[in-house]
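>>> Could you work out the structure for the sequence below:
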Amino acid sequence: MSSLARNTLDLLTHDVLGGYLATIAASLTWWAARAVRAALRRRDRREPEG
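Have a look, this model is predicted:
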């Protein structure tokens, strides 16, 4: 395999893996934010104001 082909393959591999990891990170962040909001809503419903 030529050096150019190897560099191109490495670049594509890193790009694909980077995009995959970024998608996973974004999904986990979104899921965590939803979980925190749901927990706060439950806590607010249990504690009466005043």
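>>> so which helix or strand takes in the residue most central in space within the chain?
For the chain, the residue whose C-alpha lies nearest the mean C-alpha position (C-alpha atoms, centre = their mean) is Ala25; its distance is 1.8 Å. Under DSSP states H and E, the secondary-structure element containing Ala25 is helix 3-46.
>>> any idea how far that helix is from the chain center?
When C-alpha coordinates are averaged (C-alpha atoms, centre = their mean, to the nearest Å), helix 3-46 and its chain have centres 2 Å apart.
>>> again with stretch 1-11
Between the mean C-alpha location of stretch 1-11 and the chain-wide mean there is a distance of 29 Å, by C-alpha atoms, centre = their mean.
>>> Stretch 32-48 now?
With C-alpha atoms, centre = their mean as the basis, the distance from the averaged C-alpha position of stretch 32-48 to the chain average is 22 Å.
>>> So the residue nearest to the centre of the chain versus Ala39, what's the distance?
Computed with C-beta to C-beta, to the nearest Å, the distance linking Ala25 and Ala39 is 21 Å. (Each C-beta comes from the backbone N, C-alpha and C, glycine too.)
>>> Give me the pLDDT value at Gly50.
Turning to Gly50, the model gives it a pLDDT of 52.
>>> scratch that, Thr13 is what I was asking about
At Thr13 the predicted local distance difference test score is 90.
>>> go on, Met1?
In this model, Met1 is scored at 73, pLDDT.
>>> so what's it closest to, chain neighbours aside?
With sequence-adjacent residues excluded and distances taken as C-beta to C-beta, 6 or more residues apart in numbering, Met1 is closest to Leu9, at 7.7 Å.
>>> Quick one: neighbours of Ala22, just the number.
One way to gauge burial is a neighbour count; for Ala22, by other C-beta atoms under 10 Å, it gives 10.
>>> Give me the neighbour count for Arg37.
Arg37 has 10 neighbouring residues, counting by other C-beta under 10 Å.
>>> no, scratch that, I was asking about Asp15
Residues within reach of Asp15, counting by other C-beta under 10 Å, total 10.
>>> And it, how far from Asp44?
With C-beta to C-beta as the criterion, Asp15 and Asp44 are 43 Å apart.
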